[in-house]
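Enquirer: give me a model of this one.
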Amino acid sequence: MFAEFLQFLFSGITLGATYALVGLGFSIIYNASHVINFAQGEFVMLGGMGTVFFLGLGLPMPIAILAAIALTTLFGFGLEKLAIAPARGASVVTLIIITIGASIVMRGLAQVFWGKEFHAVPAFSGDEPINIAGATILPQSLWVLGVTVLLVFALRYFFDKTMMGKAIIATSLNRDAALLMGINVKLVLFISFGLSAALGAIAGILVAPITLTNFEAGIMLGLKGFCAAILGGLGNGMGAVAGGMIVGIAEAMGAGYWVSEYKDAVAFILILLVLFFKPSGLFGKTGTERV
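Expert: The predicted model follows:
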């Protein structure tokens with residue numbers, strides 16, 4: 001019984017770490033622009049599919065991964081420069097619709113370029129499961145957890161110690177005051193989209209050896225990452241991480257002890273309950289919290 005519980009817990013933590021990275025991407029862009037970027041899931045897809053593409057060109061795995069992250073980051077910059085920036089004076093709802101349209105375009109381009117087939121990315125350090133107290137965990141799951149933890153600390157350092165990170169925080173707290181203090185708000189938004197795209201790409205690359213990837217791989221990962229961001233409190237980075245873990249563990253436990261066919265519904269049930277009882281999310285921003 002304990003081994004079974006542990007097995008579900010390992011699966012949930014792995015899923016939760018992936019959702020956390022996607023949720024962080026939502027939070028970064030929301031803080032910079034108050035826009036919910038529904039193309040975030042496509043950044044996840046581009047990371048996985050880009051890695052497959054560059055591996056197919058004969059590049060070594062580390063170079064293929066870096067190239068896929070760079071490609072996705074360029075798509076993030078392009079989305080901001082070509083779609084968001086020209087509509088800067090539009091309402092938030094209009095900007096959100098633009099991101100939805102961008103996600104459809106990116107998904108369509110991926111389908112045309114790479115086809116509908118599922119693709120596998122080789123595991124980073126083998127497929128031999130590790131036995132822990134009767135449960136097993138894949139080495140790739142440890143990569144997911146380890147890289148997520150490193151990125152969370154790296155982002156914390158970035159926002160606390162670097163000028164650009166502090167500029168993003170200032171913009172999130174008061175855009176007009178940031179402008180008056182000489183902060184280049186346009187550059188902040190540009191960098192935020194690139195950073196968010198890179199996080200999405202990393203999430204897609206990390207999870208691809210476990211779940212496979214194709215042109216639609218980002219749809220559910222994007223939606224569940226959004227649920228994680230809402231659950232933790234939209235705009236609260238650490239809340240997005242906690243929300244991702246909650247969603248991932250709840251989903252795994254629901255699939256294991258309830259009905260696996262409805263596991264995708266768990267995230268949406270959680271978000272409805274939280275929005276009903278605490279609309280700001282479990283760790284909603286107070287106005288002074290860091291990204």
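
Enquirer: show the pLDDT at Glu289.
Expert: Here the pLDDT value assigned to Glu289 is 45.

Enquirer: same question, Gly248
Expert: Listed pLDDT for Gly248 reads 92.

Enquirer: same question, the one 4 residues further on
Expert: According to the predicted model, the pLDDT of Ala252 comes to 90.

Enquirer: list the contacts for it?
Expert: With CB atoms under 8 Å, 6 or more residues apart in numbering as the criterion, the residues that contact Ala252 are 8-9, 11-12, 15, 263. Where C-beta positions appear, they are placed from N, C-alpha and C, glycine not excepted.

Enquirer: now do Leu234
Expert: Leu234 makes contact with 26-27, 30, 36, 281, 284, according to CB under 8 Å, 6+ apart.

Enquirer: and the gap between Leu221 and Phe53?
Expert: 19 Å (CB to CB, to the nearest Å).

Enquirer: tell me which of the two has more neighbours.
Expert: Counted by other CB atoms under 10 Å, Leu221 and Phe53 do not tie: Leu221 has more neighbours, with 27 against 19.

Enquirer: tell me which helix or strand that one sits in.
Expert: In this structure, Leu221 sits in helix 218-232 according to DSSP states H and E.

Enquirer: same deal with Ala203?
Expert: Ala203 belongs to helix 185-211 when assigned by DSSP H and E.

Enquirer: flag every buried residue along that helix.
Expert: When burial is assessed from 16 or more other CB atoms under 10 Å, helix 185-211 yields the following buried residues: 185, 188-211.

Enquirer: how far off centre is stretch 21-29?
Expert: Distance of stretch 21-29 from its chain centroid, counting by CA atoms, centre = their mean, to the nearest Å, is 5 Å.

Enquirer: may I have it as PDB, with CA atoms only?
Expert: Written as PDB, here are the backbone C-alpha positions of stretch 21-29 (Å, rounded to 0.1, in the frame of the first residue of the first chain):
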ATOM      1  CA  LEU A  21       7.800  25.700 -15.000                       C
ATOM      2  CA  VAL A  22       4.900  26.400 -17.300                       C
ATOM      3  CA  GLY A  23       3.100  28.300 -14.600                       C
ATOM      4  CA  LEU A  24       6.200  30.400 -13.900                       C
ATOM      5  CA  GLY A  25       6.100  31.400 -17.600                       C
ATOM      6  CA  PHE A  26       2.500  32.600 -17.200                       C
ATOM      7  CA  SER A  27       3.400  34.600 -14.100                       C
ATOM      8  CA  ILE A  28       6.400  36.300 -15.600                       C
ATOM      9  CA  ILE A  29       4.500  37.700 -18.600                       C
END
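
Enquirer: many thanks, we can stop here.
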